[in-house]
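S.K.: how would this look folded up:
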Amino acid sequence: MSKPVRPRLTEHGLEPVRGLPEALPSGEVLLWQGAPTWAEVAQRVFLVRWVFGYFLILALWEILSATMQGGELVAAFGAAAVILLGGGVAIGILALLAKIVARSSVYSITSRRLVLRVGVALPITINIPFVAIAGAYLRNRKDSNGDIVLELLPSHRISWIALWPHCSGWSLGRPKPMLRGVANVAEVAQILGNAVAATSGAGISRSVSGPEAAMPSGATAMA
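M.R.: Purely as a prediction, here's the structure:
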């Protein structure tokens, strides 16, 4: 007889399995588990590159203005340095927030559902059974990181506030849950597509063109 799973006390409460609020029912198997990479969260959610660009433009403008008005370059460079220092502090704070979001998030794919344990101050667990998924597509980037975006059936809705930043876009009416910034996203999409196909007898619906590619095998059109 197998030994009962003992819950572990973590910063998110008692978890019999990391990222899951309770032990899996009999017959349900954990297929994959992961989390967003903090660099992806920093770039895609907190837009650290745009913030850096903003402060860089301010610093360059300070120097250019002093040059055009005949001001002292030493003072201008000093002011620019202060601006860049402030930008560095802002980027550091955003990077820290990204690391906290990544550390507090766990994505789990089982043989029956997708589970998202998300939230920093108030962690919650979101269960998405495969029968609630109407479609999915992946955003695969050159570094093998990417996103898997889900489209839910109209009868299944999740609060945008509860999902953020693990949702796509600003669709407040029908938010789309997503696995954000996942490493080796093509392999994860393969696991998810095969799991849905094995459960429902059909796959996840195909997606759009461009950077958003169709899910791999096991992800053919759903009736």
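S.K.: Can you say which helix or strand has residue 109 in it?
M.R.: Following DSSP states H and E, one finds residue 109 within strand 106-110.
S.K.: Could you do residue 100 as well?
M.R.: Residue 100 belongs to helix 73-104, assigned by DSSP H and E.
S.K.: what packs against that helix?
M.R.: On a contact count with 3 or more CB pairs under 8 Å, 6 or more residues apart in numbering; DSSP states H and E, helix 73-104 meets helix 38-44, helix 48-68. C-beta coordinates here come from the backbone N, C-alpha and C atoms, glycine included.
S.K.: What's the mean pLDDT across it?
M.R.: On average, the pLDDT along helix 73-104 is 93.
S.K.: got it, and stretch 188-203?
M.R.: The model assigns stretch 188-203 a mean pLDDT of 82.
S.K.: re earlier: give me the buried positions along the helix holding residue 100.
M.R.: For helix 73-104, a neighbour-count test (16 or more other CB atoms under 10 Å) marks 76, 79-80, 83-84, 87, 90-91, 94-95, 97-98, 101-102, 104 as buried.
S.K.: just to revisit the earlier point, may I have the strands that pair with the strand holding residue 109, each with its orientation?
M.R.: Strand 106-110 pairs in its sheet with strand 30-34 (antiparallel), strand 113-118 (antiparallel), by DSSP bridges.
S.K.: Figure out which of those is closest to residue 135.
M.R.: Of all the strands paired with strand 106-110, it is strand 113-118 that lies closest to residue 135, at 13.5 Å by CB to CB.
S.K.: where's that closest one relative to the chain centroid, distance-wise?
M.R.: Relative to its parent chain, strand 113-118 has a centroid offset of 12 Å by CA atoms, centre = their mean, to the nearest Å.
S.K.: got the angle between the helix or strand just after that strand and strand 106-110?
M.R.: Following strand 113-118 in sequence order, the next helix or strand is strand 124-129 (DSSP H and E). Counting by axes from the mean of the first three to the mean of the last three CA atoms, to 10 degrees, strand 124-129 lies at 30 degrees to strand 106-110.
S.K.: Give the buried residues for stretch 27-47.
M.R.: Buried residues in stretch 27-47 (16+ other CB under 10 Å): 31-46.
S.K.: Can you pull the poorly scored residue ranges out of this structure?
M.R.: Scanning the chain for pLDDT under 70 picks out 1-15, 200-223.
S.K.: re the thing from before, nearest to residue 16, out of the strands paired with strand 106-110?
M.R.: strand 30-34 (11.4 Å).
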